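Undergrad: Next input, structure requested:
(one chain, ligands or ions: 1)
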Amino acid sequence: MAGTVEIDPLAVPVKIRKQDSDIRLAGNKRAIDLAFGLGDAHRPISATDDCRTKTPRMPSTLDDFAVISTIGSGSYGTCRKIRRKKDGKVLAWKEMDYGSMTETEKQMLVSEVNLLRELRHSNIVRYYDRIIDRSNTTIYIIMEYCDRGDLASLISRCRRDEVYMEEDFVWKILVQITQALQECHRRKNGKAVLHRDLKPANIFLDSDENVKLGDFGLARVLHHETSFAKTYVGTPYYMSPELVNNMSYNEKSDIWSMGCILYELCALRPPFTASNQHELNKKIRVGDFARIPNKYTDGLNNVVAKIIRVEVHKRPTIDEVLNEPLVMKKRTSLGLDFNQRDEGRRDSRQRLSSPESRSHTDWEEELRTREQKLDSRERELDDRENRICLKEKLLEEKLKRAEMLIREFGRKGSVDRDVFQAGDADMSLESRSSCLSKRKKDPDTPKKKVTFDMYGKENCRKKDTVPSTDTYFSTFTDLEGDYTDLYLNELAKRRELKEKLFKAKARAMEIRSIEDDIRPRAKNTNSNLLFFR
Ligand SMILES: Nc1ncnc2c1ncn2[C@@H]1O[C@H](COP(=O)(O)OP(=O)(O)OP(=O)(O)O)[C@@H](O)[C@H]1O
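TA: This next block holds a predicted model:
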């Protein structure tokens, strides 16, 4: 195979490769020549793996690839499986003869191929490169290889074997085609890219049976009125009513075709079939079709039926399809809700923040800022640690104080108990101190004394209850206040009791002195009585 790209030696050299969009916009002969490898004697134009790179790269030549096998031929070329020699990557290329193309058609082909390279989505066949071989007026479009073939082959296999596809597989295809179309219909620059030739043969499957939408936009070029490939092969089963009615193609036309493909995945035949174009057009205009096989749920049937709506305004947009509750549910349950665009953005963010893509000083500056942030975070953590240590110390002190209070309380309590052995009516001190000592001995004793009256009220006030030493440690901060109160109360009570004792003793002394006064007299009286008796 001739592996050379012919170069026009008269062309003006280009210092840095222009953006493909510039080439597309230029639309003049020079732009077409540039795109077809005719522009620069020193630096011929070629698509690169990454269209965002600014560094010019040596263009690929046919010699960089080895043909593995021929996959098949379509109406506008042959598709082959190839291997990239430098890394062994398996790819596919489509060979198209541009010999009979007009300048306008060539220009359209250039712009479409450039556009294809901008479509980066996990559900769209990735376009890598293009090679122009002027010696045989052939353009080679290098793209991702999809090793599970296309949906047309899958459908015919199922029809042959008389087996229906699994419903979840249909949902997966539905979601992934929708995601791919969303990427195209909602372009960042606001310019929708329409597929224009959606059919099972243009939907491929990779090794994991993920959808890869292919042949984007090429249809517009190659099915152009004056195109060399105007001979359309096959029956347009997927043509929308607006196209049948000679109206212009729009985003909703892609959606109609998608609906027909989904229907065919279930029914293994398109929704509208006829033996000739006229009959088919009539059926498409009416838009009546049978339900998908009963094997499939009403949910799937409803979604498919909603998409195949004759009235353009009633047909959902791509966002509306994705926002269908059932589609959203399936997207989540089948793990398909990962947004490829987000991945693209994440990639570009990573690239932006990688050292290679930034100047050295910028990188240093960022490192310094990060270092400062780390320092201040470290300081903050140190402060926190200090505060925690301080709190710990305070708690320890409180604990010691509380323990001391408990000990003192116990000791005083027993002394007081001895003092009031006489059976003073107010025995609360004794009962409490005995309660405390009992709890000290038996930590399992319930902390609360509970009466079993109808309200279930506690018969001990909170400060009358004394926790066991086990529970004490967990609640000592709360209880320390209670203990202090308890202790002060007991002191007051003791003072009161001492006063009573003092008064009682004084009264006793008074009584004794009165007795002493009386006794001699009585002695005398008795003796007198005895005397008298
Ligand atoms: N990227 C690819 N990876 C694997 N196989 C592919 C790829 N692109 C196309 N093919 C296969 O190559 C064969 C030819 O494809 P091509 O697109 O040229 O024609 P077609 O789609 O079958 O017909 P037409 O384009 O006329 O509608 C088909 O069997 C198709 O499945």
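Undergrad: Helix, strand, or coil at the closest residue to residue 206 other than its chain neighbours?
TA: Excluding its sequence neighbours, the residue lying closest to residue 206 (C-beta to C-beta, 6 or more residues apart in numbering) is residue 146, at 5.2 Å. In short, each C-beta sits where N, CA and C put it, glycine included. Reduced to three states with DSSP: H, G, I helix; E, B strand; the rest coil, the structure at residue 146 is coil.
Undergrad: In contact with residue 146, which residues?
TA: 92, 125, 204, 205, 206, 212, 214 (C-beta atoms under 8 Å, 6 or more residues apart in numbering).
Undergrad: What pLDDT is listed against it?
TA: In this model, residue 146 is scored at 97, pLDDT.
Undergrad: where does this structure have low pLDDT?
TA: 1-57, 188-190, 216-235, 338-361, 376, 380, 383, 412-487, 515-533 (pLDDT under 70).
Undergrad: Could you show which parts of it are in contact with the ligand?
TA: 71-75, 77, 79, 92, 94, 125, 143-146, 149-150, 201-202, 204, 214-215, 233 (C-beta under 6 Å from any ligand atom).
Undergrad: among these, which ones are buried?
TA: With burial judged by 16 or more other C-beta atoms under 10 Å, the buried subset of the residues of the chain next to the ligand is 71, 74, 77, 79, 92, 94, 125, 143-146, 150, 201-202, 204, 214-215.
Undergrad: In helices, which of these fall?
TA: Among these, no member falls in helices (DSSP state H).
Undergrad: Quick check: bridge partners of the closest residue to the ligand within the chain?
TA: Closest contact between the chain and the ligand, by C-beta to the nearest ligand atom, is at residue 74 (2.0 Å). Here residue 74 sits in beta bridges with residue 77, going by DSSP bridges.
Undergrad: One more: residue 81?
TA: residue 69, residue 92.
Undergrad: Thought residue 71 was touching it, still the case?
TA: Yes. Applying C-beta atoms under 8 Å, one finds residue 81 in contact with residue 71, separated by 5.6 Å.
Undergrad: Now list whatever residues contact both of the two.
TA: Counting by C-beta under 8 Å, 6+ apart, the residues touching both residue 81 and residue 71 are residue 92.
Undergrad: where along the protein do the strands fall?
TA: 65-74, 77-84, 90-97, 127-133, 138-144, 203-205, 211-213 (DSSP state E).
Undergrad: counting contacts, what elements does the fifth one pack onto?
TA: Judged by 3 or more C-beta pairs under 8 Å, 6 or more residues apart in numbering; DSSP states H and E, strand 138-144 is in contact with strand 90-97, helix 103-118, strand 127-133.
Undergrad: report the angle between the axes of it and strand 90-97?
TA: Inter-element angle recorded for strand 138-144 and strand 90-97: 150 degrees (by axes from the mean of the first three to the mean of the last three C-alpha atoms, to 10 degrees).
Undergrad: ok, now the longest one?
TA: Using the same axes, to 10 degrees, one finds that strand 65-74 and strand 90-97 are set 60 degrees apart in direction.
Undergrad: The fourth one now?
TA: Between the axis of strand 127-133 and that of strand 90-97 there is an angle of 40 degrees, by the same axes, to 10 degrees.
Undergrad: Would you list the strands that strand 127-133 pairs with, along with their directions?
TA: Counting by DSSP bridges, the strands paired with strand 127-133 are strand 138-144 (antiparallel).
Undergrad: quick one: the partner strand to helix 103-118, angle?
TA: Taking the same axes, to 10 degrees, one finds strand 138-144 and helix 103-118 inclined to each other by 20 degrees.
Undergrad: any residues touching strand 138-144, and which ones?
TA: Here strand 138-144 makes contact (C-beta under 8 Å, 6+ apart) with 36, 60, 62, 65, 82, 91-98, 109, 113, 116, 125-133, 206, 212, 214.
Undergrad: before we move on, the earlier item: among the helices and strands packed on strand 138-144, which is the most enclosed?
TA: Most buried of the helices and strands packed on strand 138-144, by mean neighbour count (mean count of other C-beta atoms under 10 Å): strand 127-133, with a mean of 23.
Undergrad: How about the contacts made by residue 123?
TA: Listed by C-beta under 8 Å, 6+ apart, the contact set of residue 123 reads 176, 177, 179, 180, 183, 210, 211, 212, 213, 340.
Undergrad: Double-check residue 182 against residue 322; I have them as touching.
TA: Yes. Between residue 182 and residue 322 there is a contact under C-beta under 8 Å: 6.3 Å.
Undergrad: Tell me, how many residues neighbour residue 310?
TA: For residue 310, the count of nearby residues is 16 (other C-beta atoms under 10 Å).
Undergrad: check contacts around it.
TA: Here residue 310 is in contact with 241, 284, 285, 286, 287 (C-beta under 8 Å, 6+ apart).
Undergrad: and those residues, which are buried?
TA: Of these, these count as buried by 16+ other C-beta under 10 Å: 241, 284.
Undergrad: Which of the contacts of residue 310 fall in helices?
TA: Judged by DSSP H, the contacts of residue 310 include 241, 284, 285, 286 as members of helices.
Undergrad: Closest one of the residues you listed to residue 497?
TA: residue 241 (106.2 Å; C-beta to C-beta).
Undergrad: mind checking how far that closest one is from residue 314?
TA: Distance from residue 241 to residue 314, counting by C-beta to C-beta, to the nearest Å: 11 Å.
Undergrad: same question, residue 333
TA: 28 Å.
Undergrad: cool, and residue 287?
TA: Noted for residue 287: a distance of 10 Å to residue 314, by C-beta to C-beta.
Undergrad: Kindly report the same for residue 255.
TA: Residue 255 sits 11 Å away from residue 314, going by C-beta to C-beta.
Undergrad: cool, and residue 193?
TA: For residue 193, the distance to residue 314 equals 24 Å [C-beta to C-beta].
Undergrad: Please identify which of the two sits among more neighbours.
TA: Shown here are residue 193 and residue 314; by other C-beta under 10 Å, residue 193 has more neighbours (22 against 9).
Undergrad: Not counting sequence-adjacent ones, nearest residue to the more buried one?
TA: Using C-beta to C-beta, 6+ apart, the nearest residue to residue 193 is residue 184, at 4.2 Å.
Undergrad: wait, the one you found sits on residue 198?
TA: No. Using C-beta under 8 Å, residue 184 is not in contact with residue 198; the gap is 10.7 Å.
Undergrad: Look at the two and report which has more neighbours.
TA: Set residue 184 next to residue 198 and count neighbours by other C-beta under 10 Å: residue 198 wins out with 26 against 21.
Undergrad: That one contacts residue 254, doesn't it?
TA: Yes. Using C-beta under 8 Å, residue 198 is in contact with residue 254, at 5.7 Å.
Undergrad: Residue 281: neighbouring residues, count only.
TA: Residue 281: 18 surrounding residues under other C-beta under 10 Å.
Undergrad: Which residues lie in contact with it in this structure?
TA: Contacts for residue 281 (C-beta under 8 Å, 6+ apart) come out as residue 244.
Undergrad: any idea how far it lies from residue 297?
TA: Applying C-beta to C-beta to residue 281 and residue 297 gives a distance of 31 Å.
Undergrad: All set now, cheers.
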